[in-house]
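Participant: got a predicted structure plus its sequence, pasted below:
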Amino acid sequence: MSQATATPVIPTAEPFDRRARRRPELDPRFLPPILITLILVGGNASLGMLESPWKTALAILTAMLVELGLGRLVVGRWPHLASAYITGISVGILVRSPFYWPYALCSALSIASKYAIRYRGRHLFNPSNLGIVAMLFLAPAAVASLSIQWGNRLLLMLPIWLVGLLVLSRLRRLHITLTYILAFTVLAGARSLLIDQPFLAELAPVTGPMYQLFAMFMVTDPRTTVAGRRGQIGVVLLVALVECGFRLLQVVHAPYYALFLVGPTALIIQRSRRPSEAPGGESGARLPEAGAAA
């Protein structure tokens, strides 16, 4: 009786998984924090625009702590802190005060507004915009807002603008920023004719760090902009138009007030025509994780 010969088993090569070979991609939620950090570092290095790095640090820390506390208390889980970080930096850059308490209070109000002022499962106000407007009304003697232009150091900030445009393009918000800048430029020309001022003097504010934050973060905030490209363009045009009206009335903080009035109104009108929906397209009134909001 012949002995059966064992056939060697040759292991087959596993199919090549291209996904395993892909380079890890950066979470899009980290792109806005990286951009605003560049604005912070570049602006302070070229202009010394911060009132104090310690006040900015206090604003950032307060925003993150309030976000953690309210996220855990209201939602029942720990939130992503990208939005709180952006809010804290925005407050640290935009608020001007000789005191420390306005920075902490502004950050706390900004974050709290996301949980307290909501409509159909979504907060209505850009956090830092609401916080700054609230401080300007509540403590005008102790708080002002940043008003610095880049001046002849414009070339130092061009790389930051380029990075900002690339980030906004990836996040599909570039059309909002470009529409706002174009509208501001056209309306600056109209104002120069109406009040007999040089065009460049009316255009100059858009070169300042305040407007970099406003155009790249506040008006593009995914959580507080309407749905649809056409609607977003229409709303940002209206923001620019209302701001122009405030400027003609010599209102110093025109952009903040314009967004404060137009943005939430547009959201309420749009969402009143739609079923209740939480951000991200999920039904119900679940509070969102911190997104890329200023």
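Facilitator: That came through fine.
Participant: can you give me the strands for this structure?
Facilitator: Taking DSSP state E as the test, the strands found in the chain are 95-96, 144-145, 277-278, 282-283.
Participant: least reliable of those strands by average pLDDT, please.
Facilitator: For the strands of the chain, the weakest mean pLDDT is recorded on strand 282-283, namely a mean of 36.
Participant: helices and strands of this structure: which one has the lowest mean pLDDT?
Facilitator: strand 282-283 (a mean of 36; mean pLDDT, DSSP states H and E).
Participant: can you tell me which residues contact the residue nearest to Phe214 when sequence neighbours are not counted?
Facilitator: Leaving aside its sequence neighbours, Phe214 sits nearest to Pro255 (CB to CB, 6 or more residues apart in numbering; 5.3 Å). Where C-beta positions appear, they are placed from N, C-alpha and C, glycine not excepted. If a contact means CB atoms under 8 Å, 6 or more residues apart in numbering, then Pro255 has Met210, Tyr211, Phe214, Val239, Glu243 as its contacts.
Participant: put together TSV for those, with pLDDT on each row.
Facilitator: Output for these, formatted as TSV (pLDDT from 0 to 100):
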residue	pLDDT
Met210	83
Tyr211	86
Phe214	90
Val239	97
Glu243	96
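Participant: tell me the one of these nearest Arg122?
Facilitator: Arg122 lies nearest to Val239 out of those, by CB to CB, at 18.6 Å.
Participant: measure the closest one to Ala266 for me?
Facilitator: 9 Å (CB to CB, to the nearest Å).
Participant: of these two, who's got more company?
Facilitator: Higher neighbour count among Val239 and Ala266: Val239, with 26 against 21, using other CB atoms under 10 Å.
Participant: surely that one and Leu259 touch.
Facilitator: Yes. Here Val239 reaches Leu259: they are 5.5 Å apart, a contact under CB atoms under 8 Å.
Participant: what sits in contact with each of these two?
Facilitator: Common neighbours of Val239 and Leu259 (CB under 8 Å, 6+ apart) are Val219.
Participant: if we can go back for a sec, and the residue nearest to Phe214, how far is that from Ser52?
Facilitator: On the measure of CB to CB, Pro255 and Ser52 end up 24 Å apart.
Participant: so what pLDDT did Gly48 get?
Facilitator: Listed pLDDT for Gly48 reads 72.
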